[in-house]
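Trainee: Sharing a model prediction with you, sequence too.
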Amino acid sequence: NAGVTQTPKFQVLKTGQSMTLQCAQDMNHEYMSWYRQDPGMGLRLIHYSVGAGITDQGEVPNGYNVSRSTTEDFPLRLLSAAPSQTSVYFCASRAPGTETQYFGPGTRLLVL
Amino acid sequence: SQQGEEDPQALSIQEGENATMNCSYKTSINNLQWYRQNSGRGLVHLILIRSNEREKHSGRLRVTLDTSKKSSSLLITASRAADTASYFCATVPRNEKLTFGTGTRLTIIP
């Protein structure tokens, strides 16, 4: 199993550009989520999904969109990047009925 | 808002010593988890303790939970250089969304 994979590892955007952060897992986990990690802030939940076709907002959803068309993939879209979205983004998944989350390696995003 | 808050924010100890870090949280929980993050990497789950448990062990890790004080502690015994990392507590409140604290940065000095 590859576990949770994220691409790209690093990205530089200009303000106003759009991009999609990819996340995939091969563990057949129903629950997937996106977090951002900023210095001194810990991890904050952006969006999550409890299964294909179902998404919901987390603590800091503004400026981000998600969709869940398959169990494996959970992309995060930035429609118009802003410097405040400079952060490290982590995708995570877990199986239903369990509480352990498996994290991807992260995507480091810099918005200029 | 953050549910958990770790203390201290940073900790440096000599290799072989024990490391203790604490987590305080705000609301009732179903369980509390500890994760480790090595520099530049994702988080790795270490241990989970349920709200009806008071202590749990896993190898060199010992976790305690005091629900009356809304606090938990993580003890790493006989520390090693490889234990250098950031440690996060994460709580599962009644709404089931895992919420992370701000982390303790642990440095083991060889």
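Mentor: Sure, I can see it. Numbers count the residues shown, from 1 in each chain, chains lettered A, B, ... in the order given.
Trainee: I'd like the distance between the residue lying farthest from the centre of chain A and residue A:29.
Mentor: Among the C-alpha atoms of chain A, the one most distant from their mean position (CA atoms, centre = their mean) is that of residue A:97, at 21.3 Å. Shown here: residue A:97 relative to residue A:29, a distance of 11 Å by CB to CB, to the nearest Å. For every residue, glycine as well, the C-beta is placed using N, CA and C.
Trainee: for residue B:101, same thing?
Mentor: 24 Å.
Trainee: the more surrounded of these two?
Mentor: When residue B:101 and residue A:29 are compared on other CB atoms under 10 Å in any protein chain shown, the one with more neighbours turns out to be residue B:101, at 27 against 20.
Trainee: Could you pull up the residues touching that one?
Mentor: A:42, B:2-6, B:23, B:25, B:88-90 (CB atoms under 8 Å, 6 or more residues apart in numbering or on different chains).
Trainee: Quick check, pLDDT for it.
Mentor: Predicted confidence (pLDDT) at residue B:101: the value is 88.
Trainee: Over to residue B:56?
Mentor: Among the per-residue scores, residue B:56 holds a pLDDT of 97.
Trainee: helices or strands next to whichever strand or helix holds it in the packing?
Mentor: For residue B:56, the element it lies in under DSSP states H and E is strand B:55-58. Judged by 3 or more CB pairs under 8 Å, 6 or more residues apart in numbering or on different chains; DSSP states H and E, the packing partners of strand B:55-58 are strand B:43-50, strand B:61-66.
Trainee: Count the residues that sit near the residue of chain A found nearest chain B.
Mentor: In chain A, the residue found nearest to chain B is residue A:103; the distance is 3.5 Å by CB to the nearest CB. For residue A:103, the tally of surrounding residues (other CB under 10 Å) stands at 22.
Trainee: Give the bridge partners for it, please.
Mentor: Beta bridges link residue A:103 to residue A:92, judged by DSSP bridges.
Trainee: try residue A:12
Mentor: residue A:110.
Trainee: List the contacts of it.
Mentor: Residues near residue A:12 by CB under 8 Å, 6+ apart: A:109-112.
Trainee: List only buried entries from these.
Mentor: A:109, A:111 (16 or more other CB atoms under 10 Å in any protein chain shown).
Trainee: For burial, what's the neighbour tally of the closest residue to residue A:58 other than its chain neighbours?
Mentor: Once flanking residues are discounted, residue A:58 sits nearest to residue A:45: 3.1 Å by CB to CB, 6 or more residues apart in numbering or on different chains. For residue A:45, the tally of surrounding residues (other CB under 10 Å) stands at 20.
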